[in-house]
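# how would this look folded up:
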Amino acid sequence: MGFSGISLVTGAAGFMGSHVVEYLVEKGIRVRATARPRKDLSFFEKLGVEYVPADLTDPETIPRLFEGEVDRVFHLGAICNFSTPFEKLYPTNVRGVDLITEEARRKGVKCFVHVTSTSVYGYYQGTPFREEDERNPGDAYGKSKKAGEDIVFEKIKQGFPAIVIRPCTVYGPRCNDGAGKAFSRPSTIAAIPGSGKQLLSNIRAEDVAAAVYHLSERPDTYGETYNIAEDSNPTLQEALVLAAETYGTKIPTLKLPLGIVKLTAVIDGFLSGMKGKIPDLEYTAVKYLYYDYVVDNRKLADTGFKMEFPDFGQSIRQLGKLYQEQRFN
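Okay, the predicted model is just below:
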């Protein structure tokens, strides 16, 4: 199935969305980017990308996104943190999914790529997460993503050409939020949470962008769900030490009991809340550090997709060089 029309990218001003926009432009795709209204459009203007502001919580702003020949949608628009309660996540992460999928179906798009999260699986149960595993989210964010997925799954049953994609911890250039920021730039992390032996699953943002494009080009993937994760699973200690060595910050050697980390997160959350900000150390995120977190990526590999950054260690070293080049240019 060929795509000759416009590819719409929601959440285009965000970390992952911006990488998808960049990747599509490099492929020569006509892109329409959207996110909430913003003053600084320099990123999109530099790429020659059309930017149409919209709000997923406002039904009146959505139809304009589909004007013209929009034949593919990459939906990344969402609130992505562990601190926002479900009732505040719902308008964007759940109802927003319903609104935009309904408009996409009405306009007859050929492919709808719904980017969600491995948070829908919940806490680790001892074996790598696979796409067919039960979804049992343990936090408001994961529950909102599960509810959003359910809307897409229901429409898939009705013939809607959608793909559900679940990235794990995403890191890479321009990452300033979420767990991935600890590996994307210099960090102030001075201690290793817990034993440091917890296994991690990560993915470079560029590989997320390449994977969602790859899957959208294969009609045999429509109606399916795919995890996106690297091939390697470093321990938390290995990852933090490597990041510190790469960015030239102090190498953490002290191991801090997770009980103390949780207490620190409570204090950070309280102080950040008073300032109206999302804390750097989110209490719910700390809960995941009690377990390994390994994501199975074999289903994606079986489609023939090849990652540019399959190995975490090599990826971080390359990212460090990129950071230094951009810093001094």
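# now the helices for the stretch 51-200 of the chain?
With DSSP state H, counting those that start in this stretch, the ranges of helices along the stretch 51-200 of the chain come out as 86-90, 96-106, 140-157.
# of those helices, which is nearest Gly28?
Nearest of those to Gly28, taken as CB to CB: helix 96-106 at 22.6 Å. For glycine as for every other residue, the C-beta is placed from the backbone atoms N, C-alpha and C.
# and that closest one, average pLDDT?
Mean pLDDT, computed over helix 96-106, is 97.
# check which residues of that helix are buried.
Residues Gly96, Val97, Asp98, Leu99, Ile100, Thr101, Glu103, Ala104, Arg105 are the ones in helix 96-106 that count as buried (16 or more other CB atoms under 10 Å).
# now do stretch 130-150
Applying a neighbour-count criterion of 16+ other CB under 10 Å, the buried positions in stretch 130-150 are 131, 135, 137, 139-149.
# CSV for the helices of the stretch 51-200 of the chain, including distance to Pro279?
Compiled in CSV, the helices of the stretch 51-200 of the chain are given as follows (distance: least, CB to CB, whole Å):
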stretch, distance to Pro279
helix 86-90, 16
helix 96-106, 24
helix 140-157, 14
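# for Val286, find the nearest of the ones you listed.
Closest among the helices of the stretch 51-200 of the chain, using CB to CB: helix 140-157, at 13.9 Å.
# name the helices or strands packed onto the closest one?
Under the contact definition 3 or more CB pairs under 8 Å, 6 or more residues apart in numbering; DSSP states H and E, helix 140-157 sits against helix 86-90, helix 96-106, strand 111-115, strand 162-167.
# next, the angle from it to strand 111-115.
Orientation of helix 140-157 against strand 111-115 (axes from the mean of the first three to the mean of the last three CA atoms, to 10 degrees) gives an angle of 160 degrees.
# touching helix 140-157 from outside, list them.
Contacts made with helix 140-157 from outside it, assessed by CB atoms under 8 Å, 6 or more residues apart in numbering, are listed as 78-82, 84-86, 89-90, 93-94, 96-98, 101, 105, 112, 114, 116-117, 119-122, 135, 137, 160, 162, 164, 223, 284.
# what do you get for stretch 202-214?
The list of residues contacting stretch 202-214 from outside it, by CB under 8 Å, 6+ apart, reads 15-16, 19-20, 22-24, 27, 74, 113, 115, 165, 167-175, 180, 183, 226, 228-230, 234, 239, 300, 303-305, 307-309, 312, 315, 319.
# in stretch 11-23, what's buried?
11-23.
# out of those residues, the closest to Val266 would be?
Nearest to Val266 among these is Phe15, at 26.2 Å by CB to CB.
# so the closest residue to Phe183 other than its chain neighbours bridges to which residues?
Spatial nearest neighbour of Phe183, chain neighbours left out: Tyr171 (4.4 Å); criterion: CB to CB, 6 or more residues apart in numbering. For Tyr171, the beta-bridge partners under DSSP bridges are Arg204.
# can you give me the pLDDT of Tyr171?
The per-residue confidence score, pLDDT, reads 96 for Tyr171.
# for the one 5 residues further on, same thing?
Looking at Asn176, its pLDDT stands at 83.
# in space, what's closest to it - neighbours in sequence excluded?
Residue nearest to Asn176 in three dimensions, not counting chain neighbours: Phe15, with 7.2 Å by CB to CB, 6+ apart.
# and for Gly269?
What sits nearest to Gly269 in space, not counting adjacent residues and going by CB to CB, 6+ apart, is Pro279, at 4.7 Å.
# which stretches of the chain form strands?
6-10, 30-34, 50-51, 70-75, 111-115, 162-167, 169-171, 191-193, 202-204, 225-228, 254-256 (DSSP state E).
# nearest to Leu263, out of those?
It is, among the strands of the chain and with distance given as CB to CB, strand 254-256, at 10.2 Å.
# returning to what we had before: tell me which residues touch the residue nearest to Asn176, please.
Contacts for Phe15 (CB under 8 Å, 6+ apart) come out as Val170, Gly172, Arg174, Cys175, Asn176, Asp177, Gly178, Ala205.
# does the third one touch Gly17 like I think?
No. If you go by CB atoms under 8 Å, Arg174 and Gly17 don't touch, sitting 10.5 Å apart.
# shaky segments in the stretch 201-329 of the chain?
Low-confidence segments of the stretch 201-329 of the chain, defined by pLDDT under 70, span residues 280, 328-329.
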